[in-house]
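Peer 1: Below: sequence and its predicted model.
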Amino acid sequence: MALVGVLALQGAFREHAAAVSRLGADVRELRQRKHLDGIDALILPGGESTVMGKLLTELDMLEPVRQRIAAGMPVYGSCAGLILLCETIEESDQPRIGLLHASVRRNAFGRQVDSFETDLAVKGLDAPLRAVFIRAPLITAVGPDVDVLARVDMAAHGGEGERIVAVRQGNILATSFHPELTPDTRLHSAFLDMLPA
Ligand code: GLN
């Protein structure tokens, strides 16, 4: 059985742990560098990316996490977790893992509509997923090796055009929304499918 580490320094980690354990995975909450030893996959939850980045740096975990991901360990980042994974964070020099070839804009939906839910078509899922956005980031650019899995129509949120809200780049999966806050485990299941059999 796969051992999935869920970064548990801050934010919505319990819900992710519950989702993957419902799917039959073993879960370990990660609070120290040594907890990284032996995990097969990693989830970076939503929360506050600046705080998580700072804690990862102080606990000497940022570089080991980066190395494990660079070596191919599957990782899933939701919301703040997505921000931590991105190479470029608009107007911010906050600490990051930075391995996802994408640019991200934090709190991109503005104050008026900072939280909302929508049914989202996600590539690879049979039917739309209920997606919960909370002070969510948007991906504003992706590299050629990044597969776009979902987009949101911004017209419904006071903007224009479509924006990217779910991506995959090899062993890296990232969403601007929070699938862990609904009972639907299809996205976590797709993540576990990224583990070698
Ligand atoms: N706005 C948060 C950040 O910039 C992310 C919000 C979330 O994870 N729900 O880190």
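Peer 2: Here it is on my side, so go on.
Peer 1: dump the residue contacts of the most centrally placed residue in the chain.
Peer 2: Closest to where the C-alpha atoms of the chain average out (Cα atoms, centre = their mean) is Gly77, at 1.7 Å. By Cβ atoms under 8 Å, 6 or more residues apart in numbering, the contact list for Gly77 reads Ile43, Leu44, Ile83, Leu84, Leu85, Leu100, Ile172, Leu173, Ala174, Thr175. Quick note: C-beta positions are derived from backbone N, CA and C, even for glycine.
Peer 1: just the residues you listed that are near the ligand?
Peer 2: Filtering those for proximity to the ligand by Cβ under 6 Å from any ligand atom leaves Ile83.
Peer 1: Could you single out the nearest of the contacts of Gly77 to His35?
Peer 2: Closest approach to His35 among the contacts of Gly77 (Cβ to Cβ): Ile43, at 13.0 Å.
Peer 1: part of a strand, is that closest one?
Peer 2: Yes - when classified by DSSP: H, G, I helix; E, B strand; the rest coil, Ile43 is found to be part of a strand.
Peer 1: hmm, back to that, please list the members of the contacts of Gly77 that lie in strands.
Peer 2: Using DSSP state E, Ile43, Leu44, Leu100, Ile172, Leu173, Ala174, Thr175 are the members of the contacts of Gly77 that sit in strands.
Peer 1: how about the nearest residue to the third one, chain neighbours excluded?
Peer 2: Taking Cβ to Cβ, 6 or more residues apart in numbering as the measure, Leu100 lies nearest to Leu85, with 4.2 Å between them; neighbours along the chain are not counted.
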